[in-house]
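Asker: Here you go, sequence then predicted model.
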Amino acid sequence: MTNGWVDIKNADVILAMGGNPAENHPVGFKWFMEARRTRGAKLVAVDPRFTRTAAVADLYAPIRPGTDIAFLLGIIRYSINTGRFHSDYVKIHTNAPYVVNDKYAFNDGLFSGFDDKTHQYVKDSWAYEGDPTKGGSYLLDPTLQHPRSVFQLLKQHVDRYTPETVERICGTPKAQFLKVADIVTSTGNAPRVGTITYALGWTQHSTGVQMIRTAGILQLLLGN
């Protein structure tokens, strides 16, 4: 999960992916229902199966197994393009304003520095740009507009994950995906809060680390 039980109890939106908490975590699931009763929280379930969690959710969206990253990147794209992210939080508490050096690139599905022989990355080109006016410091752009800022590079990276692409990869109908994105990104501001809950559907997956990292990026964008 990206938050604990108390945060779930006090959430406005709960996104359940990679798990079936109603059936597999029934004691903890009481806090999901408490949030709905006391705060009018929305529960969104995204799962290949129509589970017991999906049966009581406010919104259920089907997804092909193993395509969670594309789905989450689609929500990140939606968040950025609609301006539904917590701008102050992103500028102050994340690395979004940092400018990456001009050697960094992403082409044909690979980041710069990939070694064909070892299938490993040499990460020198991923470093931040130094600030020539401040020794030992990195160059920052508080406006997030610099083309090589982490924020703009993220925006460029996720731009391919349109609702149509998400539908093609994930099998989730476009209209249903957009409903999920709308509810989840409604927490991209100071007054509203959201959490993401997951279990072995993510942690035991072959790309589980990347799934959870992507969910973390989404939560940072939303200030959650």
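Answerer: Yes, it's here.
Asker: Check the offset of the helix or strand bottoming out on mean pLDDT in the chain from the chain's centre.
Answerer: Least confident helix or strand of the chain, by mean pLDDT, DSSP states H and E, is strand 106-107 with a mean of 90. Averaging C-alpha positions (Cα atoms, centre = their mean, to the nearest Å) puts strand 106-107 21 Å from its chain's average.
Asker: go on, stretch 191-202?
Answerer: Counting by Cα atoms, centre = their mean, stretch 191-202 comes out at 10 Å from the chain centroid.
Asker: ok, now stretch 74-84?
Answerer: 10 Å.
Asker: Going by neighbour count, list what's buried in it.
Answerer: 74-80, 84 (16 or more other Cβ atoms under 10 Å). In short, each C-beta sits where N, CA and C put it, glycine included.
Asker: ok, back up a step: neighbouring strands - and their directions - for the least confident helix or strand of the chain?
Answerer: strand 110-111 (antiparallel) (DSSP bridges).
Asker: residues making contact with the strand it pairs with?
Answerer: 104-105, 121, 126 (Cβ atoms under 8 Å, 6 or more residues apart in numbering).
Asker: Return the list of helices and strands in contact with the helix or strand following that strand.
Answerer: Going down the chain from strand 110-111, the next helix or strand is strand 114-115, by DSSP states H and E. If you count contacts as 3 or more Cβ pairs under 8 Å, 6 or more residues apart in numbering; DSSP states H and E, strand 114-115 packs onto strand 120-121.
Asker: Output the contacting helices and strands for the helix or strand that the strand it packs on is followed by.
Answerer: Per DSSP H and E, the first helix or strand lying C-terminal to strand 120-121 is helix 150-158. Judged by 3+ Cβ pairs under 8 Å, 6+ apart, the packing partners of helix 150-158 are helix 68-82, strand 106-107.
Asker: Least reliable of these by average pLDDT, please.
Answerer: Of all these, the minimum mean pLDDT falls on strand 106-107 (a mean of 90).
Asker: how deep is residue 94 tucked in, by neighbour count?
Answerer: Counted with other Cβ atoms under 10 Å, residues neighbouring residue 94 total 17.
Asker: Pretty sure it sits against residue 220.
Answerer: Yes - taking Cβ atoms under 8 Å as the definition, residue 94 is a contact partner of residue 220 at 5.1 Å.
Asker: can I get the buried residues of stretch 74-84 in JSON lines with distance to residue 21?
Answerer: JSON lines is the format used below for the buried residues of stretch 74-84 (distance: Cβ to Cβ, whole Å):
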{"residue": "74", "distance to residue 21": "23"}
{"residue": "75", "distance to residue 21": "20"}
{"residue": "76", "distance to residue 21": "23"}
{"residue": "77", "distance to residue 21": "27"}
{"residue": "78", "distance to residue 21": "24"}
{"residue": "79", "distance to residue 21": "24"}
{"residue": "80", "distance to residue 21": "29"}
{"residue": "84", "distance to residue 21": "25"}
